[in-house]
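Asks: with the sequence up front, the predicted model follows.
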Amino acid sequence: MLSILKINIMLTLGQLKEATCSKSTYASQFLPYIIETCNHFSINTPSRMLNFLAQVGHESGGLFYTEELASGSAYEGRQDLGNTQKGDGVKFKGRGLIQITGRANYKAVSIALGTDFVVNPTFLGGKNVTKCSNVQLKNAAESAAWFWNSRKLNVLADQIDITKNIDTGNNLVVFKKITKTINGGYNGLPDRLNRYKAGLSYFL
């Protein structure tokens, strides 16, 4: 019975703000959408939420950016991202709170969330939180949780014991695995760890 039980969480503004190192105004705007999407994708334990939010906080600059600052031209012709048509690099630059990138990923998230982001890529995010519509805020949050879920990152987060130090042992090994899955490397690892630590006391 427990294996199929749906556990709904009620993330607080304090938890969201601290774990993402966000301003209260930005966290307030995203709070209802992140609660909804965390429930939908079962990001519903202290470790899952803390790890998800720390990574999202880094990727979005504290829930501020919903679109990467670079033009996206560096992704032109990237077959591994599904960028097979001229202009795909710029069109499918990183968007959403975890920076969904490339035609293939836009297509996958479109199917999963039921919105055609291939035709309307800016529906995933509008530059930053101050320029986003409510629909863009919702999609930015949902796409991040979809990416997390599609890469089975809840399984990794479950291996982190938040009562123990994140800087050593298995906790650090697993945290680095999560980071590499999201980033492709370990860019910003110290910052990601700092956001985790900033939010830790709110999830213990």
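Replies: Structure received.
Asks: what is the neighbour count of Asp99?
Replies: If you look again at residue 99, you'll see it is Gln, not Asp. Neighbour count for Gln99, taken as other Cβ atoms under 10 Å: 24. Yep, even glycine has a C-beta here, placed from its N, CA and C like the rest.
Asks: where's the closest residue to Asp116 other than its chain neighbours relative to Val118, distance?
Replies: Leaving aside its chain neighbours, Asp116 sits nearest to Ser110 (5.3 Å; criterion: Cβ to Cβ, 6 or more residues apart in numbering). Here the criterion is Cβ to Cβ, to the nearest Å. By it, Ser110 lies 6 Å from Val118.
Asks: check Leu172 too.
Replies: Distance of Leu172 to Val118, given as Cβ to Cβ: 38 Å.
Asks: with Asn154 instead?
Replies: 27 Å.
Asks: same deal with Leu69?
Replies: From Leu69 to Val118 the distance is 22 Å (Cβ to Cβ).
Asks: ditto for Ser201
Replies: Separation of Ser201 from Val118 (Cβ to Cβ) stands at 42 Å.
Asks: those two: who's more crowded?
Replies: Per other Cβ under 10 Å, whichever of Ser201 and Val118 has more neighbours is Val118, with 17 against 10.
Asks: distance of that one relative to Ala104?
Replies: 10 Å.
Asks: now do Trp148
Replies: Trp148 is 17 Å from Ala104, where distance means Cβ to Cβ.
Asks: which of these two has more neighbours?
Replies: Shown here are Trp148 and Ala104; by other Cβ under 10 Å, Trp148 has more neighbours (27 against 18).
Asks: helix, strand or coil for the residue lying closest to the more buried one once chain neighbours are set aside?
Replies: Of all residues not flanking Trp148 in the chain, Phe52 sits nearest, at 5.7 Å (Cβ to Cβ, 6+ apart). When classified by DSSP: H, G, I helix; E, B strand; the rest coil, Phe52 comes out as helix.
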